[in-house]
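Asker: Structure for this input, please:
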Amino acid sequence: MRWRPAFAPSAACCAVALLAGGCSESSDVTQLERVAPSSPSAPEAGPPEPEAVPRVPLARLSLQRIDAPALSAAVPGCHLASPIASADGFIAASGDRVRAFSSQGDRLWESVLPAPPGEKAFVVATPLRLGAELFVAYHTLAASAPFDVNQPRTSQRVLALDAASGLPSPQYEPIRLTHTFAGNDARSIPFRADRALARSALVSGTAPDGERLIVSFGNARDIQPWHGFAFELNLELWRSAGAAAALSGSLIVTPEAECGPDGRTGSRDRRCGGGLWAPSGPLSVPNADSFSLVFAPGNGQLDLARGDYANTLLRTGPGLRFEPGCSEACTDFDADAPSVACMESCRDLFIPRDASGDAFPYPESGACDGLSLFECWQALDYVGGSTPVKLSFEGRDVLAYPAKDGAVYLVDYEHLGTLYDRKQLVRVCGTRSDRCRQDWAGMIVTEPALLEEAGRSLLVVPTFMPDATHPAGVFGLALAAHSDGTPRLEIAWQYPPPESPEARLMFREHPTRVALAEIDGTAVAVLVDVHGGGRGRLLALRAADGRLLAEAELDGAGYRFVEPLILGDRLVVPSCERDSGPSHLELFRLSPD
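Answerer: Okay, the predicted model is just below:
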């Protein structure tokens, strides 16, 4: 049997009708009629079946705060890492410690991470639970220093904890990451702990010979010398032969030794860089007998002839060996204006551009007057920092990649050089009379939430806007077909509506990422509109059409980049008073109203 709307709704509504269980116009919910497919050779029908009751989308939702003193008590540092699920509830990291809680908010254990004398640990990256172990990447700094990512870092470490007790796992020796990379011009490039910051979530992949753990790095404020680094740890070798045998692969995004004056920011330069700092981590994609990784390096140097791959998507696999797979069209590569023929030829490298789909809207502030597209992105510290999501359309695998320039790129997964569409969601921050308060921040840093139901896909992408002029908010994106059958992106809905006053008042700074929950048969998108120095707003939207189902004021500001955690009907969100803390966790119950 199949479902179809009982009337002809708008095109955008049709794109998400099956996801919603119906189409809505204004606040009305359209019922669905049940239709049997025609079958001229079908046998004579027997007695009529009982008519199924159409699923009616949830119209309201209750967000009830759960009093949990162990969560609401302030702890040192900010919850920069997202909370993650555990066997008995959830785990959260803040400052120098990792804590486990029941789904009711009772503390189960607390582990202060080890550090050398005179130092303390600091967790920024979201840990990863694999079976009985919890893997944590962290750095150390002076014991007297605040929990501030800009403070000097003295070492980079990886530790395995027993996820049930919080004690160090006896199967895995602690690792202190050190390495030297072979660079261009016969130079060596050391992995410097003081110029590396692990902000990206840890991810894993299963290779034929076992599980691999991926730890990746950028740097705070792009302080030079700064690069994108990634390390692959073979868990079987780590267990059986110790920490010294664990490293099974490494990657440097910009193998340049000359990065300008030591200690100076390179955020507005295309020199070295290419930090792997996406808070949601690289994308790990399992395949038939192994896995692939898609990294999203940030701003910096792009020069294919020298193996510099800042501001791209690059795909690699076990061992982190990378070859872009580009043709001879890239022989005379122009970093200011790469040829379309070159960019389209690359198998495992995607270079963002506006040759297909919406053109990049140059900022109304005049910040890019007279500059090429790539020079403009340099001036504004664009475009990396998000994680793409993989999905399928009409038998074709694609990546949807949101970027700091306010656009989502739709890229062929098998051949990354193929760009199907570029959908600009918001304008560039700032005008000549309304200065962008954070012009380096961009307008999107996230990983799209993907809703797949009834053979259709919907992406939920939050945006933000650090000015008072341009609208921003949460977008629902559906996939449709170009005239030639290739995929494109359509805006299915936007919250708040772009013409509303709220669209210019809300989402003025980085929000959280979006978490998806299923409540009473309806997909619900949950996120926090963060308000630094104030109180954030917890929002629950009907994922299929963007309708606001519920909202609640937090006790704190919320925090950017993190993903709220859904545990059945429970919701966990972190709040930080400042970037350096203190912070706490808040627990809510989601239920139909």
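Asker: Start and end of stretch 105-120, how far apart?
Answerer: Start-to-end span of stretch 105-120 (Cα to Cα, to the nearest Å) is 26 Å.
Asker: I'd like to know the average pLDDT value across that stretch.
Answerer: Here stretch 105-120 scores 98 as its mean pLDDT.
Asker: List the contacts of that stretch.
Answerer: Contact with stretch 105-120 is made by 66, 68, 70-71, 88-89, 96-102, 121, 123, 136, 138, 140-143, 145, 154-155, 159, 161, 165-168, 174, 585, 587, as judged by Cβ atoms under 8 Å, 6 or more residues apart in numbering. Glycine gets a C-beta too; all of them are placed from N, C-alpha and C.
Asker: try it again with 6 Å
Answerer: Stretch 105-120 has contacts (Cβ atoms under 6 Å, 6 or more residues apart in numbering) with 68, 70-71, 96-101, 121, 138, 140, 143, 154, 165-166, 587.
Asker: Now residue 504: closest residue in space that isn't a chain neighbour?
Answerer: Nearest residue to residue 504, sequence neighbours excluded (Cβ to Cβ, 6 or more residues apart in numbering): residue 471, at 5.6 Å.
Asker: so the one you found, which of the three states?
Answerer: Of the three states, residue 471 takes coil according to DSSP: H, G, I helix; E, B strand; the rest coil.
Asker: Let me see the contact set for it.
Answerer: Applying Cβ under 6 Å, 6+ apart to residue 471 gives the contacts 498, 503-504.
Asker: Where helices are concerned, which of the contacts of stretch 105-120 count?
Answerer: Of the positions in the contacts of stretch 105-120, 70-71 sit in helices, assigned by DSSP state H.
Asker: tell me, what residue is most central in this protein?
Answerer: Geometric centre of the chain, nearest residue: residue 447, 2.9 Å, by Cα atoms, centre = their mean.
Asker: what's that residue in contact with, if anything?
Answerer: Shown in contact with residue 447 (Cβ under 6 Å, 6+ apart): 280, 387, 513.
Asker: ok, now residue 227?
Answerer: Contacts for residue 227 were tallied using Cβ under 6 Å, 6+ apart; they are 252-254, 272.
Asker: mind checking pLDDT for it?
Answerer: 97.
Asker: Kindly report the same for residue 507.
Answerer: We have a pLDDT of 98 for residue 507.
Asker: Inside strands: which ones of the contacts of stretch 105-120?
Answerer: Of the contacts of stretch 105-120, the ones assigned to strands by DSSP state E are 97-101, 121, 138, 140, 587.
Asker: ok, so of those residues, who is nearest residue 581?
Answerer: Looking at those and their distance to residue 581, the nearest is residue 97, at 11.5 Å (Cβ to Cβ).
Asker: can you map out the strands along the stretch 201-350 of the chain?
Answerer: 203-207, 210-217, 229-234, 247-252, 283-286, 291-295, 302-303, 308-309, 313-316, 349-350 (DSSP state E, counting those that start in this stretch).
Asker: Quick check: which element contains the residue nearest to residue 100 when sequence neighbours are not counted?
Answerer: Nearest non-adjacent residue to residue 100, counting by Cβ to Cβ, 6+ apart: residue 108, 4.3 Å away. Take DSSP states H and E as the rule and residue 108 turns out to sit in strand 107-112.
Asker: got any ranges where this structure has weak pLDDT?
Answerer: Along the chain, segments meeting pLDDT under 70 span 1-55.
Asker: Report the residue ranges of every domain in it.
Answerer: Domain assignment for the chain, taken from automatic domain parsing, gives 1-57, 351-510.
Asker: buried sites along the strand holding residue 108?
Answerer: Applying a neighbour-count criterion of 16 or more other Cβ atoms under 10 Å, one finds 108-109, 111 buried in strand 107-112.
Asker: do the same with stretch 578-592
Answerer: 579-588, 590.
Asker: hmm, which two among these are most spread apart?
Answerer: Spatial extent of the buried residues of stretch 578-592 (Cβ to Cβ) is set by the pair 580 and 590 at 30.9 Å.
Asker: Residue 184 reaches residue 306, doesn't it?
Answerer: Yes: in this structure residue 184 lies within contact range of residue 306 using Cβ atoms under 6 Å: 5.4 Å.
Asker: just checking, residue 515 touches residue 567?
Answerer: No: Residue 515 sits out of contact with residue 567 when judged by Cβ under 6 Å, with a separation of 10.3 Å.
Asker: Most neighbours of all the contacts of residue 227, which one?
Answerer: Of all the contacts of residue 227, residue 253 has the most neighbours under the rule other Cβ atoms under 10 Å, reaching 32 neighbours.
Asker: Can you point out the helix or strand that includes the residue nearest to the centre of the chain?
Answerer: In this structure, residue 447 sits in neither a helix nor a strand according to DSSP H and E.
Asker: With residue 57 instead?
Answerer: Secondary structure from DSSP H and E places residue 57 outside every helix and strand.
Asker: one step back: orientation of the strand holding residue 108 relative to strand 97-102 in degrees?
Answerer: 170 degrees (axes from the mean of the first three to the mean of the last three Cα atoms, to 10 degrees).
Asker: Take strand 107-112, keep the C-alpha atoms, and write them as CSV.
Answerer: Provided in CSV are the C-alpha atoms of strand 107-112 (Å, rounded to 0.1, in the frame of the first residue of the first chain):
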residue,chain,number,x,y,z
ARG,A,107,26.1,10.6,38.8
LEU,A,108,27.5,7.1,38.4
TRP,A,109,31.2,7.9,38.3
GLU,A,110,33.7,10.7,37.8
SER,A,111,37.2,10.4,36.5
VAL,A,112,39.8,13.1,36.6
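Asker: quick one: residue 498 from residue 100, how far?
Answerer: Separation of residue 498 from residue 100 (Cβ to Cβ, to the nearest Å): 42 Å.
Asker: of these two, who's got more company?
Answerer: Shown here are residue 498 and residue 100; by other Cβ under 10 Å, residue 100 has more neighbours (23 against 15).
Asker: ok, now which ones touch that one?
Answerer: Neighbours of residue 100 in contact, by Cβ under 6 Å, 6+ apart: 86, 91, 108-109.
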